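# Sequence plus predicted model, see below.
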Amino acid sequence: MKDCMTDRKGFTLVEVIVVMAIISILTGIMIPFIYRVWESTEIDTTRERMSDLKKAMVGDPRLIQNGVRTHYGYVGDVGQLPSSLENLMTNVDSVSNWNGPYLPAGFDSSKYNKDAWNTAMQYTPVIAAGRRVSASLKSYGPNRADDGGSGDDIMDSIFQIIQSEVTPVNLVQGNVNITFQLAPLVNRNYYLGVSARYRNGAGAFVTDTCCDSAVKTITGTAGNTQVNYTQNFSCVPPNKLSVGTTYLNPGVYSDSSCATSLGGTPLELAVNVHGSTIFSILQIQAVP
């Protein structure tokens, strides 16, 4: 007798239903997983763009050459944060010393200011003392809606720009080496001041002078020989200095407000600003 099993072709309805049920279950498991992977990739892309935008504005502190930080972004060239993200691409505000674009090589000019869901990044600068010194940077996230900083909004503190990253310096201190042409015969009182030349927020240089109100005294010395003195100084600039290169010039003054100079030839020193204090060794030569 012919084996009926050898003549069987195709699948029974029950088998088809079972297979379809298994496929449905696997699909139900896989779809959320695939969506989470996709969403995680989109979030990573968005965070990378936000990181690039922040570096473009205030520089990358990890870029160091010979022990000196070399990258300060838009703020280092101009003196304050941009008014909009577009200023990182083109000189929208017509500032001087603009050296952009400030974004890394290979960036997409159509997506640099948008998140992975093609929604514009939310950039909100904050003004203090007439300069943009801090800012928030936010993506609305997958739902493309403002959740007020909660929900799926992306606005990690690492992407926020705080004032110390823009205008950190509120103290200039160090030592100044002073060379007098002739040693004073009697005790001589004087004051030290330091002029700081820095970018004003429009890319141009401005100069502020801070004065050390502590009187300095040189002990009188007999003879007419040249003499060198070293004095320490500490002063607070009228305006906080922005990150980037600042040029310091010391001075010797007869009054505590540093209004009347006693002369001499200061040697200008370029310093890179990135912390709350500048410590410098300055020199003044040929003081009468």
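Great, that's in hand. The structure displayed is predicted, hence computed values, not measured ones.
# so how far is S40 from the residue most central in space within the chain?
For the chain, V58 is the residue whose C-alpha lies nearest the centre (C-alpha atoms, centre = their mean; 2.5 Å). From V58 over to S40 the distance is 27 Å, taken as C-beta to C-beta, to the nearest Å. Placement of C-beta: from N, CA and C, glycine included.
# P184 now?
72 Å.
# and the two? which has more neighbours close in?
Taking other C-beta atoms under 10 Å, P184 and S40 do not tie; P184 has more neighbours (15 against 10).
# and that one, that's in a strand?
No: looking at P184 with DSSP: H, G, I helix; E, B strand; the rest coil, it is coil, so not inside a strand.
# Helices of the stretch 51-200 of the chain, start to end?
Along the stretch 51-200 of the chain, counting by DSSP state H, counting those that start in this stretch, helices occupy 73-78.
# mind showing which ranges of it have poor pLDDT?
For the stretch 51-200 of the chain, the stretches flagged by pLDDT under 70 are 149-150.
# And the strands in it, which stretches?
Using DSSP state E, counting those that start in this stretch, the strands found in the stretch 51-200 of the chain span residues 64-65, 68-69, 122-128, 131-138, 171-180, 188-199.
# between the last one and strand 171-180, what angle do the directions make?
In terms of direction (axes from the mean of the first three to the mean of the last three C-alpha atoms, to 10 degrees), strand 188-199 departs from strand 171-180 by 130 degrees.
# What separation is there between the closest residue to E165 other than its chain neighbours and I162?
Spatial nearest neighbour of E165, chain neighbours left out: V58 (4.7 Å); criterion: C-beta to C-beta, 6 or more residues apart in numbering. Distance from V58 to I162, counting by C-beta to C-beta: 9 Å.
# circling back: in a markdown table: the strands of the stretch 51-200 of the chain, plus distance to C235 and mean neighbour count.
Shown next, in a markdown table, are those (distance: least, C-beta to C-beta, whole Å; neighbours: other C-beta atoms under 10 Å):
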| stretch | distance to C235 | mean neighbour count |
| --- | --- | --- |
| strand 64-65 | 28 | 10 |
| strand 68-69 | 23 | 14 |
| strand 122-128 | 21 | 15 |
| strand 131-138 | 20 | 21 |
| strand 171-180 | 6 | 19 |
| strand 188-199 | 6 | 21 |
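# between these, which gets nearest to S24?
For the strands of the stretch 51-200 of the chain, proximity to S24 was assessed by C-beta to C-beta; strand 131-138 is nearest, at 39.3 Å.
# tell me what that closest one is packed against?
Here strand 131-138 touches helix 13-58, strand 122-128, going by 3 or more C-beta pairs under 8 Å, 6 or more residues apart in numbering; DSSP states H and E.
# Mean pLDDT lowest where, among these?
Among the helices and strands packed on strand 131-138, helix 13-58 carries the lowest mean pLDDT, at a mean of 76.
# Run through the residues that contact the residue nearest to E165.
72-75, 81, 161, 165-166, 243 (C-beta atoms under 8 Å, 6 or more residues apart in numbering).
# Please tell me how far it sits from T167.
Taken as C-beta to C-beta, the span from V58 to T167 is 10 Å.
# Quickly list what's touching both of the two.
Common neighbours of V58 and T167 (C-beta under 8 Å, 6+ apart) are V243.
# on that earlier part again, please produce CSV containing the strands of the stretch 51-200 of the chain, extended by distance to V18.
Below are the strands of the stretch 51-200 of the chain laid out as CSV (distance: least, C-beta to C-beta, whole Å):
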stretch, distance to V18
strand 64-65, 64
strand 68-69, 66
strand 122-128, 51
strand 131-138, 49
strand 171-180, 77
strand 188-199, 73
